[in-house]
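Undergrad: Quick one, structure for this:
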Amino acid sequence: MSRPLQVVIVAGSGRRPSRTLGLLNAIAAQLGQHLPIRTEVVALSDLGGQLLSATELAQLPDPVRQKIAAIESADVLIAGSPVYRGSYSGLFKHLFDLVPQESLIGKPVLLAATGGSDRHALAIDHQLRPLFAFFQALTLPLGVYANALEFDNETIISPALQERIALTVQRALPVLQAVAATPTQAHVHA
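TA: Below is the predicted model:
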């Protein structure tokens, strides 16, 4: 019997409406069609000012520390950022600078990114994967990249993007089903 997965969405956009948050929510909804999940959103648009003043975890206000604790205790992360100048947002990087280094070992992470055009599509493999490799997280096989033309505000209007999301979730399911079948989070620090 599988238990609901605790899915934490980490949205690296500093503003709302956010195509990145729209994409991450769509990925979570697709995942929820296949597995029971509980989601929590860590949106940098809500944390920005509180996050920027801290250079270490102890300096963060309690609500932000609670969001980092949610990232640490998640069964799976769905993490994404808008691409700025070929990389994830500085705010996204700053958040992960404050996440304890050992807390993501073995944690499945589904990656996503948004950008103005398709020329930023490689940011998932060249920027996001190395960041999570540092944490020894388990980045899932496919990431989802979306460009601005595939949205109307936060709403996905591209059937091709919907297909990419479905394929990404399909490829992630074997790992996530195994996580859901484990009674505790033993897989995280194995």
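
Undergrad: you'd agree residue 78 is in a helix?
TA: No. Under DSSP: H, G, I helix; E, B strand; the rest coil, residue 78 sits outside any helix and is assigned strand.

Undergrad: CA-only coordinates of the lowest-mean-pLDDT helix or strand in the chain, as CSV, when you get a sec.
TA: Least confident helix or strand of the chain, by mean pLDDT, DSSP states H and E, is helix 44-52 with a mean of 84. C-alpha atoms of helix 44-52 as CSV (Å, rounded to 0.1, in the frame of the first residue of the first chain):
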residue,chain,number,x,y,z
LEU,A,44,10.2,32.9,-3.6
SER,A,45,7.7,35.6,-4.6
ASP,A,46,6.4,35.2,-1.0
LEU,A,47,9.8,35.0,0.7
GLY,A,48,12.1,37.3,-1.1
GLY,A,49,12.6,40.1,1.4
GLN,A,50,12.8,37.8,4.3
LEU,A,51,15.3,35.6,2.5
LEU,A,52,17.7,38.2,1.3
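
Undergrad: Run through the protein and note the low-pLDDT ranges.
TA: Applying pLDDT under 70 to the chain flags the ranges 1-2, 184-190.

Undergrad: how about the helices in it?
TA: 19-32, 44-52, 62-73, 90-97, 123, 129-134, 159-181 (DSSP state H).

Undergrad: Turn those helices into TSV, columns for mean neighbour count.
TA: Yep, even glycine has a C-beta here, placed from its N, CA and C like the rest. Output for the helices of the chain, formatted as TSV (neighbours: other C-beta atoms under 10 Å):
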stretch	mean neighbour count
helix 19-32	22
helix 44-52	16
helix 62-73	16
helix 90-97	18
helix 123	24
helix 129-134	14
helix 159-181	16
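
Undergrad: May I see those organised as a markdown table, with distance to residue 83 added?
TA: Formatted as a markdown table, the helices of the chain follow (distance: least, C-beta to C-beta, whole Å):
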| stretch | distance to residue 83 |
| --- | --- |
| helix 19-32 | 9 |
| helix 44-52 | 14 |
| helix 62-73 | 21 |
| helix 90-97 | 10 |
| helix 123 | 5 |
| helix 129-134 | 13 |
| helix 159-181 | 15 |
